[in-house]
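Here's a sequence, model it:
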Amino acid sequence: MDFNCSDSIQVFDINSSQYNVVNNYFIPYSTDINKKFINKAFTFYKGWGLDITLKEDELDALAKYPESFKCTLTKN
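Below is the predicted model:
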């Protein structure tokens, strides 16, 4: 893992069956990938009786939210 601001953002599905060294299972972040992960989470919650429905524009805003963060380097 490299936390350099110039590197591409990678994501990992924490619900995957991979374990131990998972470096090869990280994939490039995208709004679409994040939207899929959010849909998976809400589907999971519905199975537990928490029926929250998001409108499409709410889902889009939630999926794009991580892109509002800016990477900054701190000095030790």
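
need the contact list for Ile33.
11, 27 (Cβ atoms under 8 Å, 6 or more residues apart in numbering). Yep, even glycine has a C-beta here, placed from its N, CA and C like the rest.

Quick one: distance of stretch 37-48 to the chain centre.
13 Å (Cα atoms, centre = their mean, to the nearest Å).

which parts of that stretch are buried?
37, 42 (16 or more other Cβ atoms under 10 Å).

so for that stretch, what's the average pLDDT?
Taken as a whole, stretch 37-48 carries a mean pLDDT of 87.

What would that stretch look like as CSV? C-alpha coordinates only.
Extracted C-alpha coordinates of stretch 37-48, given in CSV (Å, rounded to 0.1, in the frame of the first residue of the first chain):
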residue,chain,number,x,y,z
PHE,A,37,-20.9,-1.1,-3.0
ILE,A,38,-23.6,1.2,-1.6
ASN,A,39,-26.3,-0.8,-3.3
LYS,A,40,-24.9,-4.0,-1.8
ALA,A,41,-24.8,-2.5,1.7
PHE,A,42,-28.4,-1.3,1.5
THR,A,43,-29.6,-4.6,0.1
PHE,A,44,-27.8,-6.3,3.1
TYR,A,45,-29.6,-4.0,5.5
LYS,A,46,-33.0,-4.7,3.9
GLY,A,47,-32.4,-8.3,4.7
TRP,A,48,-32.1,-7.4,8.4
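
and Ser8, how far is that from Leu59?
24 Å (Cβ to Cβ, to the nearest Å).

more crowded one of these two?
Using other Cβ atoms under 10 Å, the more surrounded residue of Ser8 and Leu59 is Leu59, with 15 against 8.

Off-centre distance for the helix or strand containing the more buried one?
Following DSSP states H and E, one finds Leu59 within helix 56-64. Taking Cα atoms, centre = their mean, one finds the center of helix 56-64 at 13 Å from the center of the full chain.

Alright, calling it a day.
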